[in-house]
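Colleague: Generate a structure from the sequence data that follows.
(one chain, ligands or ions: 1)
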Amino acid sequence: MNTPIYDYLNNLIDDDISRLYMPGHKGNHPYDYIRDMSKYDITEMTGADSLYEPDGIILQSEENTAALYGAGHTSFSAGGSTLCIQTMLSLVASPKDTVIVARNAHMAFINACALLEITPYWVKPNYNDNFGVSGEVTVKSIENAIKAMPNAKAVYITSPDYLGCMSDVLSIAKVCKKYNKPLVVDNAHGAHLKFTQTDCHPITLGATICCDSAHKTLPVFTGGAYLHVSNDSKITKHEVKTKMSLFGSTSPSYLILMSLDLNNKYLFESAKADFAKLQDTVKQLYEIAHEKGFEPISPNRDLTKLTLDAYKVGMTGEELAVHLREHKVECEYASTRHVVLMLSPQNSKLDIDRIKSAIAKITKKEPIVNKDISFELPQAIMSVRQAVFSKKELISIDNAVGKVSAETKIKCPPGVPIIIAGEVIDTYAQKLLKKSSIFLINVVK
Ligand SMILES: Cc1ncc(COP(=O)(O)O)c(C=O)c1O
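Modeller: Reported below is the predicted structural model:
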């Protein structure tokens, strides 16, 4: 697999041309620590192609990625999945349109709704009492939503979610095709899913368009992401680029683009074998964890993530995170109840041994009985955009019942936004906010 961006940058360094262009460090950073790295950090100059109008090295590299993922076309983002989500929404909907969306959506989606004046029609993901999470969104609930909102422009789901729960993308894609709705998937946590033992990447499973935060699970610098469009879709690459340029910086980082380029080589040469090995390692870790009373969070889950329900061993998620830290393991995330360990083939044997040893040293106590409150959708009386851009005041949660929230509060569990800008705070939401240690909120004045 060729690496046109990386090769171009190396040639540029070898050519030793005087840099009378941006950035200010001129490839000769004043501090040693990043001087070598700064040589690769250039701007969109002649020969270096242009991210939003590519016809050279960036286009070649993006085409390599599209071929690896079996996508119709792929565009790079140096602004993470956040930029891809803004782009995807603007491709499938216009201001004042409605999009059907599973309520475990990330803040980036809700912010994009505010920017683009899109109205979400929420679908509740299934609540799993045993694990106190809301992850999977069912085919039935999507079909019911399409029937209730036949004019909705698209269906938007998040899979995998932060805890690693996945939805049945294949069946949801079939339903979307039946009703002629594009299926948009936030696959921020699933860039590697093309390369696991079973290919369960959303593009393979029938999504119209999806974003992958390559930086979250693959060896890519923070901010590097993909926007894939399926072969079946009429959305052109030109449309993607035009829409992405509405939101993205005109100075994309070549360090990020270079790492996306080199990632193609990694995906082509090593990813399949590496991820097969990683899945075996995570399986082993689950076996060790099972002896302590932990169980996998869902049968349909990302098999490279280790998500531990601390309640099963009589601890809170925060306590378990402290225990892991004492054994030199820092988790990705700890909630009141869960701890998420994100593993990748780049983790060393030492990392894995530390996890094993930390789990083995847990002193199991009486499991904590689930006191999580399942989730009810509050009533929206204002659009996300109206509420976000309204005059607001910061008040105590104690006085918030009946007020319209001017911001979005997300806490996990239950893994869904508790209140979204434009929704009326009811006693239910008030209880959940307090339970999530949120005591102040901006409301519409
Ligand atoms: C589900 C989900 N979607 C989107 C994003 C945004 O991705 P990025 O940080 O690549 O912009 C995140 C970030 O954590 C996420 O968890």
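Colleague: How is the chain divided into domains?
Modeller: Split into domains by automatic domain parsing, the chain comes to 4-267, 272-360, 384-444.
Colleague: need these in CSV with mean pLDDT and mean neighbour count, can you?
Modeller: Backbone N, C-alpha and C define where each C-beta goes, glycine included. Listed next are the domains of the chain as CSV, based on pLDDT from 0 to 100; neighbours: other C-beta atoms under 10 Å:
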stretch, mean pLDDT, mean neighbour count
domain 4-267, 96, 20
domain 272-360, 95, 18
domain 384-444, 91, 19
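Colleague: Select, out of these, the one closest to L377.
Modeller: Smallest distance to L377 across those (C-beta to C-beta): 5.7 Å, for domain 4-267.
Colleague: hang on, the earlier thing: go through the domains of the chain and name the closest to P367.
Modeller: With C-beta to C-beta as the measure, domain 272-360 is the member of the domains of the chain nearest P367 (5.3 Å).
Colleague: related to what we said a few turns ago, in TSV, list the domains of the chain along with distance to the ligand.
Modeller: Formatted as TSV, these follow (distance: least, C-beta to the nearest ligand atom, whole Å):
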stretch	distance to the ligand
domain 4-267	2
domain 272-360	9
domain 384-444	10
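Colleague: need those in a markdown table with distance to P378, can you?
Modeller: Formatted as a markdown table, the domains of the chain follow (distance: least, C-beta to C-beta, whole Å):
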| stretch | distance to P378 |
| --- | --- |
| domain 4-267 | 10 |
| domain 272-360 | 21 |
| domain 384-444 | 4 |
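Colleague: what's the closest of these to E366?
Modeller: domain 272-360 (5.1 Å).
Colleague: That closest one: how far from the chain's middle?
Modeller: Relative to its parent chain, domain 272-360 has a centroid offset of 19 Å by C-alpha atoms, centre = their mean, to the nearest Å.
Colleague: swap in stretch 139-154?
Modeller: Worked out by C-alpha atoms, centre = their mean, stretch 139-154 lies 23 Å from the chain centre.
Colleague: Of all the domains of the chain, which one comes closest to I368?
Modeller: domain 272-360 (4.1 Å).
Colleague: how far does the closest one stretch from start to finish?
Modeller: By C-alpha to C-alpha, to the nearest Å, the extent of domain 272-360 from end to end equals 30 Å.
Colleague: Next: stretch 102-111.
Modeller: Terminal-residue distance, stretch 102-111 (C-alpha to C-alpha): 15 Å.
Colleague: chain center to that stretch: distance?
Modeller: Using C-alpha atoms, centre = their mean, the offset of stretch 102-111 from its chain centre is 10 Å.
Colleague: if we look at it, which residues are touching it?
Modeller: 81-82, 85-86, 89, 101, 120, 122-125, 134-135, 137, 142, 156-158, 161, 167, 186, 188, 375, 377, 384, 408, 410, 415-417, 420-421 (C-beta atoms under 8 Å, 6 or more residues apart in numbering).
Colleague: Next: stretch 343-351.
Modeller: Outside stretch 343-351, the residues within contact range by C-beta under 8 Å, 6+ apart are 192, 217-219, 270-271, 274-275, 277-278, 281-282, 304-306, 329, 352.
Colleague: quick one: which of these sit in strands?
Modeller: Members of the contacts of stretch 343-351 lying in strands (criterion: DSSP state E): 305-306.
Colleague: So which of the contacts of stretch 343-351 sit within helices?
Modeller: 217, 274-275, 277-278, 281-282, 352 (DSSP state H).
Colleague: I397: which of these is nearest?
Modeller: For those, the minimum distance to I397 (C-beta to C-beta) is 35.4 Å, reached by T217.
Colleague: quick one: secondary structure of the spatially most central residue of the chain?
Modeller: Per C-alpha atoms, centre = their mean, the C-alpha nearest to the average position across the chain is that of A188, at 2.8 Å. What DSSP: H, G, I helix; E, B strand; the rest coil gives for A188 is coil.
Colleague: cool, F294 as well?
Modeller: coil.
Colleague: right, and it touches D309 too?
Modeller: Yes. At 6.5 Å, F294 counts as touching D309 under the criterion of C-beta atoms under 8 Å.
Colleague: Next, show the common contact partners of these two.
Modeller: With C-beta under 8 Å, 6+ apart, F294 and D309 have no common neighbours.
Colleague: Helices - which of the contacts of stretch 102-111 land there?
Modeller: Counting by DSSP H, the part of these found in helices is 81-82, 85-86, 89, 142, 384.
Colleague: Mind giving me the packing neighbours of the helix or strand containing L59?
Modeller: Element membership for L59 (DSSP states H and E) is helix 57-69. The contact analysis (3 or more C-beta pairs under 8 Å, 6 or more residues apart in numbering; DSSP states H and E) places helix 57-69 against helix 4-15, strand 73-77, strand 225-229, helix 254-266.
Colleague: give the contact list for A191.
Modeller: Residues in contact with A191 (C-beta under 8 Å, 6+ apart) are 212-214, 216-218, 220, 225-226.
Colleague: For it, which non-adjacent residue is closest in space?
Modeller: Counting by C-beta to C-beta, 6 or more residues apart in numbering, A191 lies nearest to D212, which is 3.6 Å off, once chain neighbours are set aside.
Colleague: surely I297 meets D309?
Modeller: Yes. In this structure I297 lies within contact range of D309 using C-beta under 8 Å: 6.6 Å.
Colleague: E319 falls within a helix, correct?
Modeller: Yes. With three-state DSSP as the criterion, E319 is assigned to a helix.
Colleague: distance of it from H338?
Modeller: In this view, E319 and H338 are 12 Å apart by C-beta to C-beta, to the nearest Å.
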